[in-house]
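# the following block contains a protein sequence and its predicted model.
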Amino acid sequence: MTIQTTSFKGIWPALLTPLTEALDIDKNRFAAHAKSLLAAGCQGVTPFGTTGEGPSFSMSERIEAVDALVAGGVPADRILVSTSCAALPETLALTRHALDIGAHGCLMLPPYFLKGVSDQGVIDSYRWVIDKVADARLRLYLYNIPQVSGVALSHSVIGQLKELYPQTIVGIKDSACQRDASVALAHAFIDRVMVYVGNEPDLQTLSALGSAGAVSGLANMVPRLVQRLVTPTASPDAVLDQDRVLALLNILGGYALIPALKGVMAVLSGDTAWLRVRPPLVAMDRLACEALAAQVRAFGIDSRAD
């Protein structure tokens with residue numbers, strides 16, 4: 001199989017994962033949602049990251065669901081698979097599967113259960129997977145979200161991994177949600193690797209520094225709006241777009257984030273099945289759903305523009 005050449009530009013939504021009544025992955029709805037985002041202009045999709053409740057699903061569930069995306073019509077080279085697991089052998093298996101299907105690349109956290117690990121421990125974890133994969137096709141995007149994982153990726157770790165694996169380490173997704181740190185990361189690495197920010201309020205700032213894409217949770221419901229944030233522009237509409245994203249995030253900030261994102265999808269689609277989450281997350285109750293629906297309708301999402 002040849003190395004895929006899809007460029008990581010534009011928006012790659014961090015896919016929400018729809019569930020059945022039994023709280024299994026609804027593979028048909030999953031593929032349909034992914035295809036709708038590609039049709040809206042997204043460059044690709046990213047299953048099983050933080051927004052997709054990735055750690056709540058088993059290795060076999062994730063493999064089957066990614067296979068279902070491809071079988072359902074999503075081109076494999078437009079899938080960036082989050083292969084992050086607490087156990088390295090499962091990360092390895094998911095990464096090998098992504099290569100087997102011809103996925104664009106893999107998004108990978110360091111192992112995230114143990115806390116207080118050293119930089120050397122983080123480097124060794126990535127090396128364990130990369131060396132066992134031993135495949136020149138592997139394109140790896142490092143995933144930094146320490147407020148969730150409890151394990152940060154320091155500049156030293158990123159720099160050493162890039163030096164060790166110059167062709168494999170191709171990007172960094174920084175979702176630490178600290179603008180100054182994201183800017184410093186871009187200044188340090190953007191001439192060597194692609195730097196993408198998962199925090200939508202910072203997309204325009206990083207775009208001006210050369211970041212041309214992002215993995216975004218909001219892009220599940222407003223892909224066109226988020227896409228515009230990674231396109232450098234001095235037009236008055238750029239300010240309006242930024243304000244609009246901030247307003248939507250302000251609405252979501254009143255609720256638990258992933259259940260609320262699914263709540264917005266339920267409102268927009270008229271499909272209450274989107275409300276389902278897998279434990280330990282808790283779905284929005286009726287009163288919260290009604291309040292969120294009123295806020296979303298007042299906000300006014302336009303499928304043609306947003």
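Nice, I can see it. Numbering: from 1, shown residues only.
# residue 71 and residue 271, how far apart?
According to Cβ to Cβ, to the nearest Å, residue 71 stands 22 Å off from residue 271. (Each C-beta comes from the backbone N, C-alpha and C, glycine too.)
# ok, residue 50 next?
Separation of residue 50 from residue 271 (Cβ to Cβ) stands at 23 Å.
# looking at those two, which one has more neighbours?
Neighbour count, other Cβ atoms under 10 Å: between residue 50 and residue 271, residue 50 has more, with 21 against 12.
# from memory that one sits against residue 145, does it?
Yes. Assessed by Cβ atoms under 8 Å, residue 50 is found in contact with residue 145 at 6.2 Å.
# mutual contacts of these two, please.
Residues touching both residue 50 and residue 145 (Cβ atoms under 8 Å, 6 or more residues apart in numbering) are residue 175.
# can you pull out the strands in this structure?
Along the chain, the stretches classed as strands by DSSP state E are 10-13, 80-82, 105-108, 140-144, 169-174, 194-197, 213-216.
# the fourth one: how far from the chain's middle?
Same thing as strand 140-144. Chain-centre distance of strand 140-144: 10 Å, with Cα atoms, centre = their mean, to the nearest Å.
# so that strand versus strand 169-174, what angle?
If you take axes from the mean of the first three to the mean of the last three Cα atoms, to 10 degrees, strand 140-144 sits at 20 degrees to strand 169-174.
# note down every partner strand of strand 140-144 and its orientation.
strand 105-108 (parallel), strand 169-174 (parallel) (DSSP bridges).
# what mean pLDDT does that strand have?
The predicted model assigns strand 140-144 a mean pLDDT of 94.
# now swap in stretch 105-124 and tell me
Averaged across stretch 105-124, pLDDT comes to 93.
# who touches the least confident helix or strand in the chain by mean pLDDT?
When each helix and strand of the chain is scored by mean pLDDT, DSSP states H and E, strand 194-197 comes last, with a mean of 81. Applying Cβ under 8 Å, 6+ apart, the external contacts of strand 194-197 come out as 8, 141, 170-175, 182, 185-186, 189, 203, 206, 209-215.
# now do stretch 106-121: distance from first to last residue.
Start-to-end span of stretch 106-121 (Cα to Cα, to the nearest Å) is 20 Å.
# just stretch 260-278 next, same as before
From its first residue to its last, stretch 260-278 covers 14 Å (Cα to Cα).
# ok now it, how far from the chain's centre?
Computed by Cα atoms, centre = their mean, the chain-centroid distance of stretch 260-278 equals 18 Å.
# before we move on, what about stretch 56-64?
On Cα atoms, centre = their mean, the centre of stretch 56-64 falls 17 Å from the chain's centre.
# what about residue 156, neighbour count?
For residue 156, using other Cβ under 10 Å, the count is 12.
# nearest residue to it in space, please, no chain neighbours.
residue 119 (5.5 Å; Cβ to Cβ, 6 or more residues apart in numbering).
# pretty sure the one you found contacts residue 154?
Yes. Contact criterion Cβ under 8 Å: residue 119 and residue 154 qualify, at 5.7 Å.
# circling back to that earlier point, if any of the contacts of strand 194-197 are buried, put those into a ChimeraX selection.
Buried subset of the contacts of strand 194-197, written as a ChimeraX selection, criterion 16 or more other Cβ atoms under 10 Å:
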select :8,141,170,171,172,173,174,175,182,185,186,189,203,206,211,212,213,214,215
